[in-house]
Structures are given as structure tokens and as C-alpha cells.
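Enquirer: based on what follows, work out the 3D shape:
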Amino acid sequence: MNLEEKHIFSQLKLAITQKFLEGNSASHTIEDWKGDDIIAFQEDLFDKVKARVSEKWFYTYFKNEAKKLPRIDMLNLLSNYVGYQNWNAFEAENKVKTKISKPKKAYKTYLWLIILLPCILLAFSIINKKNEYQFCFYDSIKNEPINNVILNIKILKNGESPIHRTSDSLGCFNYSAADKEIKFIVESPYYKTDTIVRQFNSNKNTVVKLVADDYALMLNYYTNKNINEWKKHKKKLSAIFHDNAEIYQFFKNSNAVELYTKQEFIQKLTIPTRSLKDMQILDKTVVDGKIVKLKFVIH
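Expert: Here you go, the predicted model:
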């Protein structure tokens, strides 16, 4: 594998990491993935392009430094996974282009180049200077960092597809761009979706305060409390649901859906099973202070 191939393949690994993190949580460095991360990637790859890679293949080409590129059929599938038609399309967009200027014979030409080069480089650096954005998210009520849940960030750019990021372990995210303004949407099952617009300010990091979604937090509280306390909260849980609420359970890696009534769902939450600790709220609709529709999955 030559230097250019190494560069392009490393870009492919970065694109695969970013694509996987749109719907999953793992290290932002693919070489650090192991165990459950690799299994989750195998499932996500199969869901999107109907292909699988073995754990041995993953270690050979992603965790270790491969001596040669994978087979072209695998490169095509991985390129398709990150949104390209095939490897050729990905390679064409990520190829490093270098231009070598032909030497001039005239001494005066060299002299002018020597004089003008610093000016050209300075102008180029000014034009292409990137602003370093950092945002840290805080709970608006507690005024504490939101570092116990992953926040999904969708950066909006005019005329372009959104750029997806996630918050880190400190509840922050960084972004570099030449733009003087950034606009992004923050989403989380436990905080209300918000659209943020900020002007670049190099003097400080920006704190963004999010409003907690009380209903989602209450459900999370009830499903993770000690089993001896669950019945005590049954009446409170009943109070946040409409009597005719529609409650849907989706199943991971399956198209099956199960529908619950309000009472059936509350009964499910008050039965002490370990699986409830892996419950994740996908979507909910609240009308007049009551949950009228809820979608959830148990991993």
C-alpha cells in the first residue's frame, strides 16, 4: 500500500467511524473499538448494505496497520456504507492532488516569486483560516454539565447535507470551520430538541443550556429505580399517561412492533426485570401535560 492509498484508506476509516456514530455510541477512534463495538458495527453494516465483515477482518484492516488494501468488493461495500456509489467514487473525492510547477529559466521570475511568496502564503492563510468552535451543554435547571447522556448534534450548512456529531464525555463538542456563524440542532431522548445559532467568539467557549424533558426523565427514573420502590411510584407513573395512550415497543434487529395499553405498559414497568435497565425512549407526543404516544426499544 503506497502513501496515497494509505491516506485514502484512512479517510475511509474516518468516514466509517462518523457514519457509525450517527446511530451508535463508541470511541471516536475506530482502532479503539472492541467487543460490543465491533458487533454493533457488524450489525449496522449488514442493516445498511447487507454485508458482513468478520472480527478477524476488522482487526486486520481497521485495528492494525494493513500492508495492502482490502479486496475491491469490500472497498465498494464500505464506500457504499458511507454514502458513495463505490470505491472509485470515494477515491476520486479524497485523492490528494499535487501540482508541480515547472521551473522558470529567468532569474527575475525567481526573484519575484521569492518576494511575493510570503505575501501569497499570508493571504492564503487568512482566507483559509478556520475558526475553532467549542460548545459545552448544561442542564438549564441544575446548571450542571450534561455528561451522562450522549447528545446528537446536527450541524446545518446552506445548500449542504447536515454534518452529524455527538457530545463527548465532558458534555462538549468541537468543530472547525471558516464560517463566522454556526447553526446546529441538539437532540436527545432526555432533553428538548433545540436549534442553536452562534457567532464565532475566539475569547471564550460557549455554554449552551438545554431544557430537560421531564416526561422522558421520569420514565428513565422509574425504569431504573430499585425494584422495591417501583410500586410506590405506580400512581405517579399513571398520572403522566393519557388513558388512551398509544405505546409501541420496537425490537432491535427486527421489524416487529408490539402495542401496549396504558395499564399494560405500567404493569411492564412494575415487573422487576433486568431488561428494563436497557430501555431507550425513541419518540413521544405530549398533549395537555399527558403522554398520548410513546415509542421505545429495549436493547
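
Enquirer: average model confidence for stretch 66-76?
Expert: Averaged over stretch 66-76, pLDDT sits at 89.

Enquirer: what sits against the closest residue to Ala15 other than its chain neighbours?
Expert: For Ala15, ignoring the flanking residues on the chain, the nearest one in space by C-beta to C-beta, 6 or more residues apart in numbering is Val82 at 4.1 Å. Every C-beta, even on glycine, is put in place using the N, C-alpha and C of the backbone. If a contact means C-beta atoms under 8 Å, 6 or more residues apart in numbering, then Val82 has 12, 15-16, 18-19, 90 as its contacts.

Enquirer: which among the residues you listed gets closest to Ile266?
Expert: Of all these, Ile266 sits closest to Lys19, with 37.8 Å by C-beta to C-beta.

Enquirer: how about the closest one, nearest residue that isn't a chain neighbour?
Expert: Val82 (4.9 Å).

Enquirer: residue boundaries of the strands in the stretch 51-200 of the chain?
Expert: Taking DSSP state E, counting those that start in this stretch to define them, one finds strands in the stretch 51-200 of the chain at 131-139, 152-156, 163-166, 172-177, 181-188, 191-199.

Enquirer: hmm, back to that, what two of the contacts of Val82 are the furthest from one another?
Expert: Farthest pair in the contacts of Val82, by C-beta to C-beta: Gln18 and Phe90, 13.4 Å.

Enquirer: so for these two, which residue has more residues nearby?
Expert: When neighbours are counted by other C-beta atoms under 10 Å, Gln18 and Phe90 differ, and Phe90 comes out ahead with 23 against 16.

Enquirer: surely the more buried one is in contact with Ile8?
Expert: Yes. With contact defined as C-beta atoms under 8 Å, Phe90 counts as touching Ile8 (7.5 Å).

Enquirer: next, show the common contact partners of these two.
Expert: Common neighbours of Phe90 and Ile8 are not found (criterion: C-beta under 8 Å, 6+ apart).

Enquirer: Phe241 reaches Gln263, doesn't it?
Expert: No. Using C-beta under 8 Å, Phe241 makes no contact with Gln263, being 9.3 Å away.

Enquirer: more crowded one of the two?
Expert: Neighbour count, other C-beta under 10 Å: between Phe241 and Gln263, Phe241 has more, with 20 against 12.

Enquirer: and Val297, how many neighbours?
Expert: Count around Val297 with other C-beta under 10 Å applied: 14.

Enquirer: cool, and Glu160?
Expert: Applying other C-beta under 10 Å, we find 8 other residues in the vicinity of Glu160.

Enquirer: can you list phi and psi of it for me?
Expert: Here is the backbone geometry of Glu160 (degrees, to the nearest 10): phi -130, psi 160.

Enquirer: mind listing what's buried along stretch 29-41?
Expert: By neighbour count on 16 or more other C-beta atoms under 10 Å, the buried set for stretch 29-41 is 30, 33, 37-38, 40-41.

Enquirer: swap that for stretch 159-177, please
Expert: So for stretch 159-177, counting by 16+ other C-beta under 10 Å, buried means 165-167, 171-173, 175.

Enquirer: quick one: distance of that stretch to the chain centre.
Expert: In terms of C-alpha atoms, centre = their mean, to the nearest Å, the centre of stretch 159-177 is set 8 Å apart from its chain centre.

Enquirer: ok, back up a step: angles on the backbone of the residue nearest to Ala15, please.
Expert: The phi and psi values for Val82, taken as degrees, to the nearest 10, are phi -100, psi 10.

Enquirer: what of Leu237?
Expert: Here is the backbone geometry of Leu237 (degrees, to the nearest 10): phi -60, psi -40.

Enquirer: and the end-to-end length of stretch 194-207?
Expert: 14 Å (C-alpha to C-alpha, to the nearest Å).

Enquirer: by mean pLDDT, which helix or strand of this protein comes out lowest?
Expert: helix 214-224 (a mean of 61; mean pLDDT, DSSP states H and E).

Enquirer: quick revisit: ok, now how distant is the residue nearest to Lys19 from Asn148?
Expert: In this structure, Val82 and Asn148 are 30 Å apart, going by C-beta to C-beta, to the nearest Å.

Enquirer: before we move on, back to that, for the buried residues of stretch 29-41, which one is nearest Val292?
Expert: Closest to Val292, out of all of these and judged by C-beta to C-beta, is Ala40, at 32.2 Å.
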